[in-house]
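Engineer: what shape does this take:
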Amino acid sequence: MAIAIYPGSFDPVHHGHVRIVETAAKIFDQLVVVAMQNREKKGFLSLEKRQKLLESAFGHLDNVIADSSTGLVVDVAKELNADTIVKGLRSSADFEIEMQMAQTNKKVSLINTVFIPTDPEYSYISSRFIREIASAGGDVSELVPKSVSELLKED
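Structural biologist: As a prediction, the model looks like this:
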């Protein structure tokens, strides 16, 4: 059974993330989407809220599980018996950063990384911009799943 993890801060999850998950779910037998706590960033949404939003965003996919962690990606992958890390790419700038992480992860854990390019219609979407718009009371409903949009309106 091919198990992969798709780690990210998902703060919040958006349509670009959803498309990456839908693509990866067709490739792997099981995909675990893991909301990670980045030690260098203060989270916009709690880790628990992000995991719940992942559960609601991917409930339509039978082979996708949502999880969360404060640990290292390679440790989470080992705990889940995953042999692949999935990363989405929007641009060449993403590639540079993700390639360096993939090579480091491979060196310390022997776990491979697979890159999935974001569909062009979602390549401009960034969680950072969504947080900025939502914080100012703006409408992000075209950028995120409905459950995320509703939660952001409440906060």
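
Engineer: what about the closest residue to Lys41 other than its chain neighbours, how many neighbours?
Structural biologist: Spatial nearest neighbour of Lys41, excluding adjacent residues (CB to CB, 6 or more residues apart in numbering): Ser9 at 7.0 Å. Every residue, glycine included, has its C-beta placed from N, CA and C. Ser9 sits with 18 neighbouring residues when counted by other CB atoms under 10 Å.

Engineer: and what of Val32?
Structural biologist: Close neighbours of Val32, defined as other CB under 10 Å, add up to 24.

Engineer: which of the helices or strands spans it?
Structural biologist: In the assignment (DSSP states H and E), Val32 maps to strand 30-36.

Engineer: mind listing the strands that strand pairs with, and their directions?
Structural biologist: With DSSP bridges as the test, strand 30-36 is paired with strand 3-8 (parallel), strand 64-69 (parallel).

Engineer: CA-only coordinates of that strand in CSV, if you can.
Structural biologist: What follows is strand 30-36, C-alpha atoms only, in CSV (Å, rounded to 0.1, in the frame of the first residue of the first chain):
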residue,chain,number,x,y,z
GLN,A,30,-3.8,6.6,1.2
LEU,A,31,-3.0,10.3,1.7
VAL,A,32,-2.6,11.9,5.1
VAL,A,33,-3.0,15.6,5.0
VAL,A,34,-1.1,17.0,8.1
ALA,A,35,-1.5,20.5,9.4
MET,A,36,1.9,21.3,10.8
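
Engineer: what residues does stretch 107-124 touch?
Structural biologist: For stretch 107-124, the surrounding residues in contact (CB atoms under 8 Å, 6 or more residues apart in numbering) are 4, 14-16, 19-20, 23-24, 27, 74, 77-78, 82-91, 95, 98, 101-102, 105-106.
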